[in-house]
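[1] predicted structure and sequence below. I'll ask about it afterward.
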Amino acid sequence: MKTFEHGGNIHRFLRDNGNEEREVIDFSANLNPVGPPEWLRSVISSSLEQVVHYPDPDNSEFVQAVSNNVNIDAGCVIAANGTTELLYVLTRILPVSGVLIPVPSYVDYIKASELAGLDVRTFKLREEDHFKLPFDRFEEKIRPGELVILGTPNNPTGTLPDREGIKQLCQRFPDTFFVLDEAFLDFMGEELSLAGAGANIITLHSMTKFYAVPGLRLGYGVFPAGIVDEIRKNIPPWTVNTFAQRVGARALADREYQLKSREICRLLSEELQKGLQDFPGLKICGAGANFIFMKLTGGQKSRELAGFCERNRLLIRPCDNYRGLDDTYFRIAVRTSRENDKLLRVFKKFFYPALKKQVREKKSRALMFQGTCSDAGKSILTAGLCRILRQDGVKVAPFKAQNMSLNSFVTLRGDEMGRAQVVQAQAAGIDPDCRMNPVLLKPNSDTGSQIIVAGQPVGNMSVLEYNRYKPECWKTVCESYDSLASEYDVVVLEGAGSPGEVNLKADDIVNMKMAQYAESPVLLVGDIDRGESMPRLSESWRSWRSGSDDWLQALLSINSGDKRPFWNLHIRM
């Protein structure tokens with residue numbers, strides 16, 4: 001029976017769990033937490049008309065983009081359906097007698113070599129050396145006429161061998177082929193690549209991990225001139241589809257995305273490592289690129305932890321099938337702050353057994369209104385639902401992460417907040433609190449505003465200055481929401497403008513990013529003619545509260561004969 005030995009198999013999890021349409025967070029696949037570039041959909045959409053033709057068998061546009069990006073002759077570049085395809089071809093075609101592989105390392109290095117009939121020798125990397133490659137001892141094991149495969153950085157340990165050390169090693173063994181797997185090197189800086197650095201150096205490059213498009217399957221290799229033609233002859237035609245070719249060419253030109261991704265991944269990795277370092281029985285063994293390599297030291301097994309995580313709809317990567325590792329090692333990807341926080345909460349329950357017996361931490365239910373545009377009626381609906389819930393005896397609070405208004409309300413504590421959230425708080429029967437509107441923008445010019453955070457002014461900023469300041473605002477937004485959610489049964493959230501505004505999506509802290517953080521369903525509000533019809537909020541809430549699956553349908557049933565304007569509903573303000 002064929003077994004799949006890699007991470008990222010979310011399909012197996014969904015099959016085994018009935019394909020439930022609930023969020024599953026995959027920490028087993030090392031993908032860019034920034035997500036695919038914003039332009040991905042438009043590039044794929046513009047390529048749809050090409051599906052009636054075969055893909056370009058020469059991958060000309062993509063290969064030329066690679067050539068321009070790494071300053072290598074296009075004739076030395078071969079595109080493929082991921083770097084694994086090239087690995088399996090290389091081990092069959094190269095004129096070598098055997099292969100030397102440091103372990104632990106990517107499981108397919110050994111598998112591809114064994115299938116090719118090569119004599120496989122391994123060199124064990126030691127934990128006491130922090131799994132770094134000791135060049136002096138490793139050099140003693142190299143034989144002329146064989147193949148050496150190195151992960152740079154290595155998977156799963158995250159260690160990156162010294163660039164100059166590798167280069168000198170390759171020069172000292174001119175009769176040995178060196179395959180350098182640079183699949184994760186983009187996360188650390190493309191200037192570290194050794195593509196084209198020697199006549200015996202082959203580099204493999206993945207496009208799907210850094211650009212977060214593993215479903216497209218795309219990679220390439222840079223080969224010495226002496227073997228590139230033989231490799232090309234053994235690659236089947238059309239292995240790279242039209243969409244992947246177009247996306248790959250566009251991705252290599254997106255310098256802004258590349259720089260932004262490296263910085264965000266670095267910050268997220270540091271933040272996650274800080275959160276992991278104090279767990280009892282847990283040791284961080286390595287952290288490089290966009291993943292963290294860890295060991296259980298308290299007697300637990302990685303499969304036990306993986307099973308616990310799966311029951312909480314998280315996937316991690318046990319490393320017991322890596323040569324040179326036992327069942328105490330595992331690997332996790334670096335994901336978004338919200339997802340990393342959820343992993344830490346699940347780990348806390350696992351590593352502190354007493355928490356498993358405690359009552360589940362109180363967490364408010366959330367519902368969010370977003371709109372097709374500004375002034376679509378989000379504020380009125382939020383206020384109305386707050387009043388309905390209060391009438392039903394539910395302790396409810398409104399929340400809007402960021403508001404923009406010339407006028408503000410001053411609370412009893414002297415904090416400023418948006419007036420809409422004041423009305424919503426009154427509808428909920430509670431005192432206005434700046435936590436309900438942690439960020440308020442008061443425009444004072446065509447391109448600038450006074451910024452109010454947690455009720456207090458922090459200064460005047462232009463649009464660009466505010467965008468740079470937003471990460472700090474986001475921390476306050478999350479703290480304010482968590483504080484409210486710990487005190488109320490339900491939080492009704494309101495978005496701003498439209499979540500589809502392309503000029504705001506990248507820096508969004510009030511629409512979908514907030515919905516994700518609150519783990520809230522989203523209802524889209526559209527106004528045909530300023531209140532001609534109104535969803536049956538009372539019926540919808542009672543259905544939702546009772547656990548029925550019909551709550552969304554009830555809320556959206558605006559064409560069921562109820563044509564009353566919203567002000568005629570029985571919402572007793």
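    Here it is on my side, so go on.

[2] show me the helices in the stretch 401-550 of the chain, by range?
    Ranges of helices in the stretch 401-550 of the chain, per DSSP state H, counting those that start in this stretch, are 419-427, 463-485, 502-505, 512-518, 537-545.

[3] out of those, which comes closest to Ile25?
    Ile25 lies closest, by Cβ to Cβ, to one member of the helices of the stretch 401-550 of the chain: helix 512-518, at 11.0 Å. Every C-beta, even on glycine, is put in place using the N, C-alpha and C of the backbone.

[4] could you find the closest non-adjacent residue to Gly497?
    Nearest non-adjacent residue to Gly497, counting by Cβ to Cβ, 6 or more residues apart in numbering: Ser374, 5.0 Å away.

[5] typo on my end, it should be Phe291
    Phe291 sits nearest to Asn30 (Cβ to Cβ, 6+ apart), 4.4 Å away.

[6] and if you look at Thr372?
    Thr372's closest residue in space is Gly526 (Cβ to Cβ, 6+ apart), at 4.4 Å.

[7] I figured the one you found hits Ala376, correct?
    Yes - applying Cβ atoms under 8 Å, one finds Gly526 in contact with Ala376, separated by 6.1 Å.

[8] more neighbours, these two?
    Set Gly526 next to Ala376 and count neighbours by other Cβ atoms under 10 Å: Ala376 wins out with 21 against 11.

[9] what ranges does the stretch 351-500 of the chain have for its strands?
    Taking DSSP state E, counting those that start in this stretch, the strands of the stretch 351-500 of the chain run over residues 365-371, 396-399, 402-404, 409-410, 416-417, 439-443, 448-453, 456-462, 490-494.

[10] contacting residues around the residue nearest to Phe291?
    Gly7, Asn155, Phe184, Lys209, Ala289, Asn290, Phe291, Arg331, Ala333 (Cβ atoms under 8 Å, 6 or more residues apart in numbering).

[11] if we go to 6 Å?
    Residues in contact with Asn30, defined by Cβ atoms under 6 Å, 6 or more residues apart in numbering, are Lys209, Asn290, Phe291, Ala333.

[12] quick check: Lys395 touching Tyr488?
    Yes - counting by Cβ atoms under 6 Å, Lys395 touches Tyr488, with 5.0 Å between them.

[13] look at the residue nearest to Gly497 and report its pLDDT.
    pLDDT recorded at Ser374 is 82.

[14] hmm, back to that, including mean pLDDT and mean neighbour count, could the strands of the stretch 351-500 of the chain go into CSV?
    Converted to CSV, these look like this (pLDDT from 0 to 100; neighbours: other Cβ atoms under 10 Å):
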stretch, mean pLDDT, mean neighbour count
strand 365-371, 90, 22
strand 396-399, 94, 27
strand 402-404, 91, 20
strand 409-410, 90, 16
strand 416-417, 92, 24
strand 439-443, 91, 21
strand 448-453, 90, 20
strand 456-462, 89, 13
strand 490-494, 94, 25
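
[15] okay if I get those strands as JSON lines plus distance to Gly298?
    As requested, the strands of the stretch 351-500 of the chain are exported to JSON lines (distance: least, Cβ to Cβ, whole Å):
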{"stretch": "strand 365-371", "distance to Gly298": "35"}
{"stretch": "strand 396-399", "distance to Gly298": "39"}
{"stretch": "strand 402-404", "distance to Gly298": "43"}
{"stretch": "strand 409-410", "distance to Gly298": "52"}
{"stretch": "strand 416-417", "distance to Gly298": "47"}
{"stretch": "strand 439-443", "distance to Gly298": "42"}
{"stretch": "strand 448-453", "distance to Gly298": "41"}
{"stretch": "strand 456-462", "distance to Gly298": "44"}
{"stretch": "strand 490-494", "distance to Gly298": "37"}
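
[16] closest one to Gln516 among those?
    Once the strands of the stretch 351-500 of the chain are compared by Cβ to Cβ, strand 365-371 is nearest, at 10.2 Å.

[17] so what strands line up beside the closest one?
    According to DSSP bridges, strand 365-371 forms sheet pairs with strand 490-494 (parallel), strand 522-525 (parallel).

[18] Met188 is nearest to which of those strands?
    strand 522-525 (36.2 Å).

[19] what's that closest one in contact with?
    Met368, Phe369, Gln370, Gly371, Ala376, Gly377, Lys378, Leu381, Ala515.

[20] now the first one: how far from Glu501?
    Right, Met368. Going from Met368 to Glu501 by Cβ to Cβ, to the nearest Å gives 16 Å.

[21] same question, the last one
    Taking Cβ to Cβ as the measure, Ala515 and Glu501 are separated by 15 Å.

[22] where exactly do the helices run in the stretch 1-150 of the chain?
    10-16, 40-46, 60-70, 83-93, 107-115, 135-139.

[23] tabulate the ones you listed (a markdown table), appending distance to Lys295.
    Listed next are those as a markdown table, based on distance: least, Cβ to Cβ, whole Å:
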| stretch | distance to Lys295 |
| --- | --- |
| helix 10-16 | 24 |
| helix 40-46 | 36 |
| helix 60-70 | 36 |
| helix 83-93 | 27 |
| helix 107-115 | 18 |
| helix 135-139 | 22 |
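
[24] follow-up on the earlier one: could the strands paired with strand 365-371 go into TSV alongside distance to Leu464?
    Output for the strands paired with strand 365-371, formatted as TSV (distance: least, Cβ to Cβ, whole Å):
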stretch	distance to Leu464
strand 490-494	26
strand 522-525	29
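
[25] for these, which one sits closest to Pro214?
    If you check each of the strands paired with strand 365-371 against Pro214 by Cβ to Cβ, strand 522-525 wins as the nearest, at 26.2 Å.

[26] and the closest one, how far out from the chain middle?
    When distances are taken as Cα atoms, centre = their mean, to the nearest Å, strand 522-525 is centred 24 Å away from the chain's centroid.

[27] what is the mean pLDDT for that strand?
    88.

[28] can you check stretch 229-242 too?
    Stretch 229-242 shows a mean pLDDT of 93.

[29] span of that stretch from start to end?
    23 Å (Cα to Cα, to the nearest Å).

[30] can you check stretch 196-212 too?
    Taking Cα to Cα, stretch 196-212 runs 26 Å from one end to the other.

[31] quick one: which of Ala515 and Glu501 has more around it?
    More crowded of Ala515 and Glu501, by other Cβ under 10 Å: Ala515, with 21 against 13.

[32] that one touches Met368, doesn't it?
    Yes - if you go by Cβ under 6 Å, Ala515 and Met368 touch, sitting 5.0 Å apart.

[33] secondary structure element holding Asn284?
    Check again: residue 284 is Ile, not Asn. strand 282-288 (DSSP states H and E).

[34] which residues touch that strand?
    In contact with strand 282-288 (Cβ under 6 Å, 6+ apart) are residues Phe131, Pro153, Thr157, Gly158, Thr159, Leu160, Ser269, Gln273, Phe293, Met294, Lys295, Thr297.

[35] stretch 317-335 now?
    Contacts of stretch 317-335 (Cβ under 6 Å, 6+ apart): 5, 7, 27-28, 30, 33, 103-104, 122, 124, 156, 268-269, 272, 290-296, 301-303, 306, 316.
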